[in-house]
Every structure is written in structure tokens, then in C-alpha cells.
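Peer 1: Structure for the following, please:
(one chain, ligands or ions: 2)
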Amino acid sequence: MDRQVQTNSRQRELFIKKSTRVAASYLNRVKSLPDLPDAAVPFLDALENTYIKLQDIAKPENVKTIGTLCVMVPAELICAAGAMPVRLCSGSYTAYSIGDDHIPRDACPLVKSIMGFAQIKALPVFDNCSLLITPITCDCKKKLAGVINSVKRTAAIHIPPLKKEDADTEVYVRELYRLIPVLEKETGHEITPGSLADAIRMVGRAQYEMSRFLQYRKYDPALLYGTQVMAIMNAYAYMPVNVWTEQMHLLNSELEARLKRKDFVGKQKQPRILVTGSPITFPNIKLPLLIEEMGGILAADETCMGERGLSDPVSVIEPSFDGMMRAIASRYTKPCTCPVFVDNRQRVFRLKQMIRDHKIQGVVYHVLRGCLVYDYEYQIMEEEMGKLDIPIIRVESDYNEEDVEQLRIRIEAFIELIKLKDHAKKKSERK
Ligand code: SF4
Ligand code: SF4
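Peer 2: Ligands and ions are numbered 1, 2, ... in the order given. Below you'll find the predicted structure:
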């Protein structure tokens, strides 16, 4: 049987009905968390437009969108070619079910979901991308790059598995140079020193607003729910960079005002949790929701649809075209804490730093079924958290909802454990 046969229209109709219903139910749960800042609404609208109203991104007609499948694909290069980057990693269970027919059973749900959207052709944000840039990071993404090319034109780029030596960064510099003519042909725009510098500045403004936003995330009690934060950060994938930045500026002003009024959403003694591990991507945000619905506060995340994507600016030391290209290559690999790299001491260091800065009391380690790179790391994390006396829980999950009750029980017990530990600590301090 031909595995690339187009899904028929009845299937497509059913798909749309189901996927929009699931996305709407998750979005409503985010909206129903109390005290959503007014300036956060446009971010949730972007998720609604993409996954529920099935609209394309609001952008000028002559601007093309280029799909990316990883935070290590530089937005600056795409913007410099006059196009808009759209991050197409998806958390749709409905699309996963379609992708499951085209990808081996043990592959992770994230790549199945991407493949599902490529097959079903029901998501304009996906369908209207003229090109997909796929990084060769883990085995799932590598094989996806090969199979998805038959449905969607794809440019695969090699990410060096090592990043310590200059020679490693050189590999990525060469890959980015190789991407330039591909992007120029696609968009009809030349990437010039001027357009590259403008793009670096534009993305840099988004990173600056993000860094301000992350400062507000550190307050205890919390100024906003972590699930709302994750939805806002997910929305970066589906909004033009400058629009997201302007909106983030407004949100930061609103949070500043909240802080002055001491208008916190969190309560004293609420267990402060960090989530890390495999990507948490809308609509599959069941884990953040469960953590906060069970009484925890998601005070930080170390995931690639969250803080990791926009955490560091490109730092240009030498302002020539080549200098900018090297600065971009360095920014997109060296500080990246994704475990696809061989040496992950930096990841451990970053997590410890976040635990200290965000006053974290417990870590939820998310492993998507089939995601070996994150699963490999769990043991190291468990040992490191043991040294810090921070409880950690490994949560293996998928995109379906069948495990929700079991997860709820485990998360609830984990939060109770943190509370008991905190209580015992305070008691011994009083003695
Ligand atoms: S988990 Fe790593 S490889 Fe996968 S999309 Fe995120 S940063 Fe890229
Ligand atoms: S890093 Fe994990 S979640 Fe991401 S594509 Fe690879 S296996 Fe899937």
C-alpha cells in the first residue's frame, strides 16, 4: 500500500473536528486559570487562530513563512531573507494519530505529530510554509527529515554533536552558509550585511523583552501562572517576531504594575516547581496544567518551547558579514542546553542556576515516549538533584489523554512530598 496516499476528505473533516475540540479544551483550561494579564490575551489568540480557527499567521501577503523544527535554526537568517520563521514542532494528539501510520511505532510523538500535519493538510500555518528547515539533532529528527521531504520540501541542516572546540562551531558556520542560497532562492531576497544586521537587532529586541519577562517569573509568590507563561512562549512560534516583541513589552509593563501593587497570583508556601525534559508543545500542555491545578506553581521551565528558545542574544564582536554569521552559529549551539550534545555539563549547570534563582523546591522531568536523548539525561539529573536535596520525579508521557488520571495522582503526591519536606525544614529551623 502506498504510505503517502492523501488522506481523504472525510478523514480530514473528522480530523479538524477532533483536533480543534482538543485544542479548544486545553486553551480554555489555560484561560480559566485566575488573573490572566490583559496583555497576555493576544498570545493566547495566536494559539487559537492557529489551532482552533485554523488561520494562517497575520502577516503581509508578500512575506513567505519558513517552517523550522528546532530552536537551533536561527530566526535571524530567515528574517534576513525577508521571510518569517514559524516553529512547527507540535503537540497535537490528533495529528500524532495520523503520523503514527507513517512513522515507526517507537518514534516520539513530536515527530509523529509533525508528520501527521504534513499528511492531513488541515493546518494553514503548516501548509503555507514554502520550506521546512529540519535540524539533524536526534535520530527521530534525522529520519523525519528524510521522510517528510516527499510531502513538504525540506532543507536538512547538520548540528554538530560537540560544541567545545572552535572546529565544532565551524561545522555549523558552514551549514549556515550552505543555507543562505537556499533561503535566497526561496524568498527571492538577497541576504545582505544590512538585512542580517537588521534581523539580529529585531530578534535581539525579542530576546531583551524575554529576559525582562523572565525576571518577573522569579518572584515568590508568583506574579503569573507558569502554564500561562508556557502558552505565551509557545505563541512565539506563530507570531511575527516584531508583533510578539511589542506585545511582550506591554505584558512586561503590566507585570511591573502588578509588582508595584503586590498583586501576586501565587500563595505563600506554594510548592515551586521547575519542569524540564522533552518539549512541551501546545496543545499538549497537560503537564503544566496538572502541576498548577494540583496546587503547585510552575516557577520555571527549561524546555525548548519555553525559556531556552529566546534566552541569549546574538553577540556580534566583529561586525562583518562573516563575523555576524559566526556570532549566530555560536549563539545557536554553544549556550544550547538540549541534551542532543555529547557533553551536557552545561545543562546541569544551567538547571542548578535556575533552581537557585527561581527558589525551586521540586523538579518534574518530562520524557516523551521514544525520546531517548532526554531519557538518557535523567540519571545524571537525579544524582545532581540528590546532592542538592531537591526532589525530582520522572514523568513519561505521550500526547494522548489516557494517562492523565495516573499523572494527576503522581503529581499530587509529589506536591504533597514537597509540602511535607518544607514543613519539616521549617520546623527544624525553629528549634
Ligand atoms: S529538544 Fe533539542 S533537538 Fe529537539 S527541538 Fe528542542 S532543542 Fe531542538
Ligand atoms: S529530541 Fe526527543 S522530542 Fe525532540 S524530536 Fe528528538 S526524540 Fe522527539
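
Peer 1: Would you mind naming what in the stretch 151-300 of the chain lies close to ligand 1?
Peer 2: The stretch 151-300 of the chain has residues residue 279 near ligand 1, with proximity defined as CB under 6 Å from any ligand atom. C-betas here are computed from N, CA, C, even on glycine.

Peer 1: Now whatever residue of the stretch 101-250 of the chain ends up closest to ligand 1: phi and psi?
Peer 2: The minimum distance from the stretch 101-250 of the chain to ligand 1, using CB to the nearest ligand atom, falls at residue 137 (3.6 Å). Here is the backbone geometry of residue 137 (degrees, to the nearest 10): phi -110, psi -80.

Peer 1: Could you find the closest non-adjacent residue to it?
Peer 2: Leaving aside its chain neighbours, residue 137 sits nearest to residue 340 (4.3 Å; criterion: CB to CB, 6 or more residues apart in numbering).

Peer 1: On the three-state scheme, that neighbour is what?
Peer 2: Using DSSP: H, G, I helix; E, B strand; the rest coil, the structure places residue 340 in coil.

Peer 1: For it, list the residues it contacts.
Peer 2: Residue 340 is in contact with 137-138, 159, 161, 373, counting by CB atoms under 8 Å, 6 or more residues apart in numbering.

Peer 1: same check, this time on residue 411
Peer 2: 287, 290-291, 294, 296, 364, 393, 395.

Peer 1: same thing with residue 384?
Peer 2: Going by CB under 8 Å, 6+ apart, residue 384 touches 348, 351-352.

Peer 1: Secondary structure, pLDDT and distance to residue 415 for the contacts of residue 411 - can I get that in TSV?
Peer 2: Listed next are those as TSV, based on DSSP: H, G, I helix; E, B strand; the rest coil; pLDDT from 0 to 100; distance: CB to CB, whole Å:
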residue	secondary structure	pLDDT	distance to residue 415
287	helix	96	13
290	helix	96	10
291	helix	97	8
294	coil	94	5
296	coil	96	5
364	strand	98	10
393	strand	98	10
395	strand	97	13
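
Peer 1: okay, now residue 229: neighbour count?
Peer 2: Around residue 229 there are 25 other residues, counting by other CB atoms under 10 Å.

Peer 1: Just the element for residue 412, please.
Peer 2: helix 404-430 (DSSP states H and E).

Peer 1: mind listing what's buried in that helix?
Peer 2: 407, 410-412, 414-415, 418-419, 421 (16 or more other CB atoms under 10 Å).

Peer 1: Present the residues you listed as CSV; the columns should include distance to ligand 1.
Peer 2: Formatted as CSV, the buried residues of helix 404-430 follow (distance: CB to the nearest ligand atom, whole Å):
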residue, distance to ligand 1
407, 21
410, 23
411, 22
412, 27
414, 23
415, 26
418, 26
419, 31
421, 30
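
Peer 1: which of those residues has the weakest pLDDT?
Peer 2: Among those, residue 421 has the lowest pLDDT, at 91.

Peer 1: need the contact list for that residue.
Peer 2: Contacts of residue 421 by CB under 8 Å, 6+ apart are 361, 391.

Peer 1: Tell me how far it lies from residue 359.
Peer 2: Using CB to CB, to the nearest Å, residue 421 is found at 14 Å from residue 359.

Peer 1: can you check residue 334 too?
Peer 2: Using CB to CB, we find residue 334 at a distance of 28 Å from residue 359.

Peer 1: And these two? Which one has more around it.
Peer 2: The neighbour count for residue 334 versus residue 359, taken as other CB under 10 Å, is higher for residue 334 (15 against 12).

Peer 1: Quick check, the more buried one in contact with residue 163.
Peer 2: Yes - look at residue 334 against residue 163 with CB atoms under 8 Å: they come within range, at 5.6 Å.

Peer 1: Now the common contact residues for those two.
Peer 2: Jointly contacting residue 334 and residue 163 under the rule CB under 8 Å, 6+ apart are residue 169.

Peer 1: and the nearest residue to residue 326 once chain neighbours are set aside, what element?
Peer 2: Taking CB to CB, 6+ apart as the measure, residue 326 lies nearest to residue 173, with 5.7 Å between them; neighbours along the chain are not counted. In the assignment (DSSP H and E), residue 173 maps to helix 166-187.

Peer 1: With residue 155 instead?
Peer 2: Assessed by DSSP H and E, residue 155 sits inside strand 154-158.

Peer 1: ok, residue 282 to ligand 2 distance?
Peer 2: 15 Å (CB to the nearest ligand atom, to the nearest Å).

Peer 1: now stretch 173-189: how far from the chain's centre is it?
Peer 2: 24 Å (CA atoms, centre = their mean, to the nearest Å).

Peer 1: okay, now the residue nearest to residue 326: neighbour count?
Peer 2: Residue 173 has 17 neighbours, counted by other CB under 10 Å.

Peer 1: Could you verify my assumption that it touches residue 324?
Peer 2: No - at 10.9 Å, residue 173 does not count as touching residue 324 under the criterion of CB under 8 Å.

Peer 1: hang on, the earlier thing: need the buried residues of helix 404-430 in TSV (columns: distance to residue 242).
Peer 2: Output for the buried residues of helix 404-430, formatted as TSV (distance: CB to CB, whole Å):
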residue	distance to residue 242
407	38
410	41
411	37
412	42
414	40
415	39
418	40
419	43
421	45
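
Peer 1: who does the next helix-or-strand element following the helix holding residue 173 touch, helix- and strand-wise?
Peer 2: Counting by DSSP H and E, the element after helix 166-187 in chain order, helix or strand, is helix 193-216. Using 3 or more CB pairs under 8 Å, 6 or more residues apart in numbering; DSSP states H and E, the elements in contact with helix 193-216 are helix 75-80, helix 241-260, helix 321-333.
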